Structure formats: C-alpha cells, structure tokens
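> sharing a model prediction with you, sequence too.
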Amino acid sequence: MPELHLAYVALGANLDDPVRQIETARTELAKLDATRLLGFSSLYASKPHGYSDQPDYVNAVAELETGLTPRALLDHLLDIERRHGRERTFRNSPRTLDLDILLYDDLRLDECGLHIPHPRMHERAFVLLPLAEIAPDAVLPGRGNAAGALAGVARDSVRLLAPHSS
C-alpha cells in the first residue's frame, strides 16, 4: 500500500458553464487512482486577475488524501483539464478549468512546471477563502496557516456563490 499524503487542489473556471466544470472536476478528483476526496469547499465567485476582459471565475478547493507522487498528481490534473477543453492561449486567459496543487503535506518543491506550495496562493483571496473554509489550520510553509494568511488579503473581489453541499 502506498504512503498517503495530504494535498490541497485549487479549482477555477470561467467558461462553458463554470459551476458544472467545477462540479464535474470534483467528481473526477474523487475517482483518481490511490486518492480519496476528504473535503470540498463552497463555490466562490471572483473577479479575474491580470487580464480583466473576461467573465468572473468560479473557485473552490479540494482536500485529497493521495498515494500519488506530486508529479503523478499533477499529470492527472492536467489530464482532467484537457478533458474539459482547457487551452493555454496566454497568461491569465479565460479557461474551462484550471487545477493547481496548492499544498502537498509540508513539501517545498520547485521543478519545471511544478511549484509547491503554489507560489502566489498566499496573496489570493479566491484561493485562501475556500482553503480556510475547509482547512483553516493548513500550513502554508514559511507563511503560517490558511486562516492567518486570509486575514492579510483583501476579499472584496470574492463572494460566496454556493455554500458547500455534500
């Protein structure tokens, strides 16, 4: 039996029925090999960052227990994105689905295409609000816990869209 790890994954979408994209991705995350979905946040709406001429985003965070390595988990996430029609046209472009590994245990990792913890998560209310909702004590290496990080960011561009449902 593989060693199990705790991982948090951010989900975001703003094209092609974003709520459906997030809910479908939630189901797909729950079906990943050697992985169990432990928790899932409410849905939040947020203003786009960087490129503003696009629809608002729907965001959530999933808590996973996984036997997958960080790279294998990322490969599965990229595969889910592809199945949802994700196209990478330019930085901060609109997307059908975006899946990012936020945390993986207390690992710090900087590899090509894989950075854990996610490098800008501590600055983003659309990540911290759903993360703090399901795991307020989750440790952001070098930055304290999710609830503490959330206290330091502006939240005016994020609003609760749909409360958590089982």
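Everything's here; your move.

> what's the following helix or strand after the helix or strand containing D79?
Under the criterion of DSSP states H and E, D79 resides in helix 70-83. Downstream of helix 70-83, the first helix or strand assigned by DSSP H and E is strand 98-104.

> that next one packs against which elements?
The helices and strands touching strand 98-104, judged by 3 or more C-beta pairs under 8 Å, 6 or more residues apart in numbering; DSSP states H and E, are strand 5-13, helix 70-83, strand 114-116. From N, CA and C alone the C-beta is placed, and that goes for glycine too.

> listing partners with orientation, what would you give for the first one?
Going back to what we said before, that points to strand 5-13. strand 57-66 (antiparallel), strand 98-104 (antiparallel) (DSSP bridges).

> I'd like the mean pLDDT over that strand, please.
What strand 5-13 shows for mean pLDDT is 97.

> residues contacting A132?
A138, A146, A147, A149, L150 (C-beta atoms under 8 Å, 6 or more residues apart in numbering).

> so Q21 belongs to a strand, correct?
No. Per DSSP: H, G, I helix; E, B strand; the rest coil, Q21 lies outside any strand segment and is helix.

> what sits against it?
Applying C-beta under 8 Å, 6+ apart, the residues contacting Q21 are A13, L15, V58, H84, T96, L97.

> go again with 10 Å.
Counting by C-beta atoms under 10 Å, 6 or more residues apart in numbering, Q21 makes contact with 11-15, 58, 81, 84-86, 95-98.

> now A138
6, 8, 61, 63, 102-103, 106, 117, 128, 131-132, 145-147, 149.

> pLDDT at it, what is it?
Reading off the model, A138 has pLDDT 97.

> again with S46
94.

> check the gap between the nearest residue to it once chain neighbours are set aside and L4 for me.
Excluding its sequence neighbours, the residue lying closest to S46 (C-beta to C-beta, 6 or more residues apart in numbering) is F126, at 3.8 Å. Going from F126 to L4 by C-beta to C-beta, to the nearest Å gives 28 Å.

> more neighbours, the two?
Using other C-beta atoms under 10 Å, the more surrounded residue of F126 and L4 is F126, with 26 against 15.

> what secondary structure does that one sit in?
Per three-state DSSP, F126 ends up helix.

> shouldn't it be in contact with V158?
Yes. F126 is in contact with V158 according to C-beta atoms under 10 Å; the separation is 5.0 Å.

> which neighbours do those two share?
By C-beta under 10 Å, 6+ apart, the residues touching both F126 and V158 are Y44, A45, S46, K47, D56, Y57, N59.
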